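S.K.: Okay, predicted coordinates and the sequence, questions at the end:
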Amino acid sequence: MERTLVVLKPDAVQRGVVGEIITRFEKVGLKVVAAKMLQPSEDHYFHHYETIGKVVSRRGKEVFDMNLDYMMMGPVIAFVLEGIEAVELVRKMVGATEPKSALPGTIRGDYAHMSYAHGDKAKTGIPNLVHASGDSDEAKLEVAHWFSESEIFDYTAVHEKYTQKGKK
């Protein structure tokens, strides 16, 4: 089983769509093994977005700063999902990072619409509702950054008898 980090960003919390988004992950068979609401510090976000995600290196300091301001505007809900090829599945369900490009049926395609061009012109981060780990290596680093081992739970979900050989 693979684990991945999902962070519901301040716009998801403030719009009251947290339950709908989590439900979509659960309906597809992913299991929530850790969850918490918090308002991380700038240092926490720097580690997440630059040390792990390399945003400054890839997109530049201005983009990083706009994203940081956006993430600091309110609390987030972070959780760990577990399932078969969870990272790839979550990325598919979340949709393209730019909401304008996200396909209908994805979380961003159904709940957001802003373009990078508009965000750049307005000098603001893009409200795209959710962060999802980009690959399995990044997921391992992100999960360890956001959660201690004691905050991650191991339990058997009812549907696992269909996805794990030998489970009854």
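M.R.: Received the coordinates, thanks. Numbering: from 1, shown residues only.

S.K.: hey, where'd the strands end up in this protein?
M.R.: Remark: strands assigned in the chain by DSSP state E are 2-8, 31-38, 76-83, 130-132.

S.K.: Thr97 reaches Pro127, doesn't it?
M.R.: No. With contact defined as Cβ atoms under 8 Å, Thr97 and Pro127 do not form a contacting pair (11.9 Å). Every C-beta, even on glycine, is put in place using the N, C-alpha and C of the backbone.

S.K.: ok so, going back, nearest to Val56, out of the strands of the chain?
M.R.: Ranking the strands of the chain by distance to Val56, with Cβ to Cβ as the measure, places strand 130-132 first at 16.2 Å.

S.K.: Which elements pack onto that closest one?
M.R.: Where contact means 3 or more Cβ pairs under 8 Å, 6 or more residues apart in numbering; DSSP states H and E, strand 130-132 is packed against strand 2-8, helix 86-94.

S.K.: ok now do the residue lying closest to Arg91 once chain neighbours are set aside, which residues does it touch?
M.R.: What sits nearest to Arg91 in space, not counting adjacent residues and going by Cβ to Cβ, 6 or more residues apart in numbering, is Ala132, at 5.5 Å. For Ala132, the contacting residues are Thr4, Leu5, Val6, Val87, Val90, Arg91, Val94, by Cβ atoms under 8 Å, 6 or more residues apart in numbering.

S.K.: Quick check: bridge partners of Ala132?
M.R.: For Ala132, the residues forming beta bridges with it (DSSP bridges) are Val6.
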